[in-house]
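J.: Test case, fold it:
(one chain, ligands or ions: 1)
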Amino acid sequence: MSEIIDVCPVSELPPGERRLVRWEDLEIGVFNCGGTLLAIEDRCTHDDGPLVEGTFDPEACTVECPRHGSLFDLRTGRALTLPAYQPVDAYRVLIEGETIKLEV
Ligand code: FES
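T.: Residues are numbered from 1 along each chain as shown. Predicted structure coming up:
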C-alpha cells in the first residue's frame with residue numbers, strides 16, 4: 001500500500017531545481033522540469049550511481065548518471081543510453097496547497 005509523504009514547499013523547488021528525499025530505505029530525486037514535477041529513484045540501475053548529482057537537463061527532462069553517463073528519462077525512469085538498460089522506479093508527485101508531496 002502506498003503512502004503520501006511531504007517533500008517541501010512548492011516555492012523551494014523552482015523550475016530547473018532538484019532535491020533528494022529520503023524516506024525509510026528509499027532515496028528519491030524530485031526534479032522540476034519547466035514546472036512539471038517528476039520523481040525517480042536516486043540509484044542508477046547500472047551500478048548504483050546517485051542520479052540527483054548528475055547533469056540535469058530540464059528541457060529534455062533527463063538526468064545523466066554521474067558515474068558512467070547513462071541518460072535517464074525523468075518522465076518514465078527509462079534508461080535512454082547504455083551502460084544502464086533497466087529503468088529506475090518513477091514516483092507520482094502531487095501538489096496539495098503549497099506543499100509538494102510524493103506517493104511512495
Ligand atoms: S552507475 Fe550509472 S551508468 Fe554506471
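J.: how about residue 46, phi and psi?
T.: phi -80, psi -60 (degrees, to the nearest 10).
J.: And residue 19, by the same measure?
T.: Backbone torsions for residue 19, taken as degrees, to the nearest 10, come to phi -160, psi 150.
J.: likewise residue 52?
T.: The phi/psi pair for residue 52 (degrees, to the nearest 10) reads phi -60, psi -30.
J.: burial count for the closest residue to it other than its chain neighbours?
T.: Counting by Cβ to Cβ, 6 or more residues apart in numbering, residue 52 lies nearest to residue 29, which is 3.8 Å off, once chain neighbours are set aside. C-betas here are computed from N, CA, C, even on glycine. Number of residues near residue 29 (other Cβ atoms under 10 Å) recorded here: 25.
J.: Show me the beta-bridge partners of residue 29.
T.: Beta-bridge partners of residue 29, counted by DSSP bridges, are residue 20, residue 40.
J.: mind checking pLDDT for it?
T.: Note for residue 29: predicted pLDDT of 98.
J.: do the same with residue 1
T.: Residue 1 is given a pLDDT of 83.
J.: Residue 53 contacts residue 66, doesn't it?
T.: Yes. At 5.0 Å, residue 53 and residue 66 qualify as touching, with contact defined as Cβ atoms under 8 Å.
J.: how about the closest residue to residue 75 other than its chain neighbours, what does it touch?
T.: Leaving aside its chain neighbours, residue 75 sits nearest to residue 61 (5.6 Å; criterion: Cβ to Cβ, 6+ apart). Applying Cβ atoms under 8 Å, 6 or more residues apart in numbering to residue 61 gives the contacts 31, 33, 36, 38, 73-75.
J.: Residue 13 contacts residue 35, doesn't it?
T.: No. Look at residue 13 against residue 35 with Cβ under 8 Å: they stay out of range, at 10.6 Å.
J.: And the two? Which one has more around it.
T.: Taking neighbours as other Cβ under 10 Å, residue 13 and residue 35 compare with residue 13 leading, 18 against 9.
J.: For that one, which non-adjacent residue is closest in space?
T.: Using Cβ to Cβ, 6+ apart, the nearest residue to residue 13 is residue 32, at 5.2 Å.
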